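Peer 1: need coordinates for the below:
(one chain, ligands or ions: 1)
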Amino acid sequence: MGQLQLIAHGMSDDEVDFDLLDLLRKSLGIDGNSTPRPAKTGVLEDAEYIYDNSTDVALDMRGTKTAASSVWKLIQEKQYSTRDWSKHELHPKAKDESTVDFIFLMDLLNFCFWSDGTSAEQYAVEYRGKTWTGYWSLVAAIQRALDEGTIRRMYSRWWRLTGGGLQEHQSQVHRSGATASSPPIPLLGDRMYCLREAGYVLQDRFDGTFTACIEQSQGSAAALVNLIVDNFPCMDDRHTFEDTTVRFHKRAQILVADLWACFEGEHYGSFHDIDRITMFADYRIPQMLHSLGCLQYSPPLESHVRQRKTIESGHSWEIQLRGCSIWCVELLRREIQRQHPETHLNAILIDFFLYDSMKELEAKGHECIAHHRTRSIWY
Ligand SMILES: Nc1nc2c(c(CN[C@H]3C=C[C@H](O)[C@@H]3O)cn2[C@@H]2O[C@H](COP(=O)(O)O)[C@@H](O)[C@H]2O)c(=O)[nH]1
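Peer 2: Residues are numbered from 1 along each chain as shown. Here you go, the predicted model:
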């Protein structure tokens with residue numbers, strides 16, 4: 001019985017025992033290569049391991065069930081979907097290769113926007129008559145650089161970027177966008193390093209454009225995440241927890257998710273296994289999950305976060321916050337699926353919705369617990 005017949009019987013990739021399948025194939029004398037296994041990133045499995053071994057972060061099951069109902073209700077009311085990605089005024093609208101390279105550049109640098117001081121001292125970019133901070137400061141800086149001709153066609157300049165005036169170019173991108181009083185963007189040197197590294201790799205291995213990476217992954221989101229982390233070290237977001245290597249791959253995953261949402265599951269955004277992508281372990285969603293009553297912190301951790309003290313990259317607290325958040329969104333997704341079996345909502349849309357909701361709350365001045373403060377290029 002071939003793999004397709006098994007899956008035709010309603011078994012998902014996760015349920016198919018590929019070792020048994022190979023054994024069956026051999027015992028029935030069916031030749032041919034072993035059954036092609038679907039790509040997996042390992043992120044969800046590692047998140048469950050972290051959750052099972054966490055002592056300072058816990059999930060509140062009652063809170064998660066309640067949150068599932070309210071998140072579902074709000075997503076329905078707003079008719080939230082992949083279409084919302086392109087509705088954001090700063091996100092690129094063209095459905096072509098230039099937007100693929102825009103998203104690649106954006107998610108290459110999509111990390112760590114918080115400043116040491118108060119939010120008033122945050123890096124900010126003026127663009128189209130507004131002042132943008134956080135993630136949107138990055139998107140505005142790229143859009144402004146494109147308007148001003150600092151960056152022309154993304155990939156066609158990658159080599160000159162990495163070979164030549166990257167230093168000047170990068171500080172120009174961020175300087176040209178910054179408001180007069182704005183402090184510099186955090187980790188500017190690290191951002192230049194990421195640009196240089198990615199430029200070399202893209203030029204050397206993928207003909208200077210990220211569309212080549214998409215083509216190589218043959219429509220698999222998990223394979224594309226694995227291709228990204230295998231070729232771009234600055235996206236290989238893995239750490240050690242309880243002597244075990246755990247993977248988050250946050251920027252690699254959000255890059256694939258942004259492509260999927262931007263192209264609405266078509267063309268460069270078409271992935272048959274997009275549901276293998278998990279929530280993106282950043283510093284905003286844990287904050288939202290805590291505010292929703294889904295996550296609980298131990299008293300020492302809660303006190304540390306409330307006092308806005310930094311947590312070192314790779315510290316157990318940080319790993320627990322990131323891993324338990326991924327697992328929490330997975331349980332939210334499963335609860336929504338249980339309550340509404342007729343629908344299909346993946347972790348990406350739940351995540352995007354939680355992030356946008358967090359930003360709306362912040363804009364309205366709602367006081368949530370502070371986000372944890374870890375300086376790193378991973379998120
Ligand atoms: N988990 C998750 N993390 C996200 C996003 C986004 C923006 N995604 C857009 C695309 C589709 C959605 O509709 C959003 O409009 C940024 N971040 C991360 O947050 C941090 C920035 O925070 P702040 O300084 O407050 O802007 C930083 O680590 C950044 O990498 C998301 O969606 N999910």
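Peer 1: per the record, what domains does the chain have?
Peer 2: 1-37, 38-363 (automatic domain parsing).
Peer 1: right, so the ones you listed: which one is the most enclosed?
Peer 2: Using mean count of other Cβ atoms under 10 Å, the stretch among the domains of the chain with the largest mean neighbour count is domain 38-363, at a mean of 19. Heads up, the C-betas are built off the backbone N, CA and C, glycines and all.
Peer 1: which one of the domains of the chain lies nearest to the ligand?
Peer 2: domain 38-363 (2.3 Å; Cβ to the nearest ligand atom).
Peer 1: can you tell if the closest one touches the ligand?
Peer 2: Yes: residues of domain 38-363 are located near the ligand by Cβ under 6 Å from any ligand atom, namely 84-85, 88, 110-111, 113-114, 134-135, 280, 282-285, 351-352, 355-356.
Peer 1: how far off centre is stretch 107-124?
Peer 2: Distance, stretch centre to chain centre, for stretch 107-124: 17 Å (Cα atoms, centre = their mean, to the nearest Å).
Peer 1: give me the contacts around it.
Peer 2: 131-135, 137-138, 174, 178-179, 182-187, 191, 194-195, 198, 232, 234-235, 251, 254-255, 258, 283, 371, 373, 375-379 (Cβ atoms under 8 Å, 6 or more residues apart in numbering).
Peer 1: just to revisit the earlier point, so which of the residues of domain 38-363 next to the ligand belong to helices?
Peer 2: Counting by DSSP state H, the residues of domain 38-363 next to the ligand place 84-85, 135, 285, 351-352, 355-356 in helices.
Peer 1: and these as CSV, adding pLDDT?
Peer 2: Shown next, in CSV, are these (pLDDT from 0 to 100):
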residue, pLDDT
84, 96
85, 97
135, 96
285, 97
351, 98
352, 98
355, 96
356, 95
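Peer 1: just send the residues you listed back as TSV, with distance to residue 246 too.
Peer 2: Shown next, in TSV, are those (distance: Cβ to Cβ, whole Å):
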residue	distance to residue 246
84	31
85	28
135	24
285	17
351	19
352	23
355	22
356	27
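Peer 1: what strand or helix carries residue 300?
Peer 2: Under the criterion of DSSP states H and E, residue 300 resides in helix 299-306.
Peer 1: all helices for the stretch 201-350 of the chain, in order.
Peer 2: 211-216, 221-231, 250-262, 285-291, 299-306, 316-339, 347-363 (DSSP state H, counting those that start in this stretch).
Peer 1: need these in CSV (columns: distance to residue 240).
Peer 2: Formatted as CSV, the helices of the stretch 201-350 of the chain follow (distance: least, Cβ to Cβ, whole Å):
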stretch, distance to residue 240
helix 211-216, 27
helix 221-231, 16
helix 250-262, 16
helix 285-291, 20
helix 299-306, 19
helix 316-339, 8
helix 347-363, 24
